[in-house]
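S.K.: model this:
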Amino acid sequence: MVNPLRVFHELDKQLPDRVITSSDSGSATNWWARHLKAREGTQFALSGTLATMCPGLPYALAAKLAYPDRPVIACMGDGAFQMLGVNTLIDVMKYRGEWQDKNPTFVVLVLNNHDLNQVTWEQRVLAGDPKTEVTQTLPDFPYAQYAESLGLRGIRVTSGDQVEQAWKEALESDRPVLFEAVTDPEYPPLPPHIRFDQAKSLMMAMAHGDENRGRIIKESIKGKLHEFTTR
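M.R.: The predicted structure is shown next:
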């Protein structure tokens, strides 16, 4: 599995000039907002108050149709893709001729972690509840293969050493790309500052029998160490 931090840090290094990038209303938003730096001439789109379900890909398609000469990147989770993205990708295939000759760069990043991750972490941190497998676990789906079946480009990464080259290929592709990153759902989307009540609730979730508590604690420590060493 790939650390989602690495996926976004590498994208930030390769972010094209004048890019328009959108994000969904889920855990992908945490990584997108914290680890992609806005540059002069770039535009970022996000649902106000995170109140819209699955807007990332429709926003990106609308942006590409409005500005066909600019590169566009959509960032989303597997839950959003299964809910709406799977259908919107058909529209991407249908309309790609509208921009093909002006700028073909159109990338859809899907974080594949088999989890409705934002709600899982909200349950842990806000309510002190462990993950509820019956409502949170997503069925497997071949995201990159699905894109290929539509005539688009599919790229799938399962380890960190694949990420740099995969982004290079995605951003240089002559057709729209679905970039599937198989990520660890237990890597916590930690905010810069953690309140005591949030830490307390998370520990309650661990005490209540969250089956992934060992990985959660390990990745939490790694995440905070990473923050300190990259400041």
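S.K.: Wasn't C75 part of a strand?
M.R.: Yes - in this structure, C75 lies within a strand as judged by DSSP: H, G, I helix; E, B strand; the rest coil.
S.K.: For it, list the residues it contacts.
M.R.: 8, 21-24, 28-29, 31-32, 56, 109, 111 (C-beta atoms under 8 Å, 6 or more residues apart in numbering). In this view, the C-beta of every residue, glycine as well, is placed from N, C-alpha and C.
S.K.: Against P4, how distant is it?
M.R.: Distance, C75 to P4, using C-beta to C-beta, to the nearest Å: 10 Å.
S.K.: any residues in contact with both of these two?
M.R.: Both C75 and P4 are in contact with 31, 111, where contact means C-beta under 8 Å, 6+ apart.
S.K.: where do the strands sit along this protein?
M.R.: With DSSP state E as the criterion, the chain has strands at 20-23, 43-45, 72-77, 106-112, 153-157, 177-182.
S.K.: Let's have those in a markdown table, adding distance to D12.
M.R.: Below are the strands of the chain laid out as a markdown table (distance: least, C-beta to C-beta, whole Å):
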| stretch | distance to D12 |
| --- | --- |
| strand 20-23 | 10 |
| strand 43-45 | 12 |
| strand 72-77 | 11 |
| strand 106-112 | 12 |
| strand 153-157 | 16 |
| strand 177-182 | 14 |
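S.K.: Show the contacting residues for the closest residue to E169 other than its chain neighbours.
M.R.: Once flanking residues are discounted, E169 sits nearest to I155: 6.3 Å by C-beta to C-beta, 6 or more residues apart in numbering. Under the criterion of C-beta under 8 Å, 6+ apart, the contact partners of I155 comprise 144, 166, 169-170, 177-180.
S.K.: how about a cut-off of 10 Å?
M.R.: Contacts for I155 were tallied using C-beta atoms under 10 Å, 6 or more residues apart in numbering; they are 107, 109, 143-144, 147-148, 162, 165-167, 169-170, 173, 177-181.
S.K.: T49 and F8, how far apart?
M.R.: 22 Å.
S.K.: neighbour count winner among the two?
M.R.: Ranked by neighbour count (other C-beta atoms under 10 Å), T49 and F8 place F8 first, with 23 against 7.
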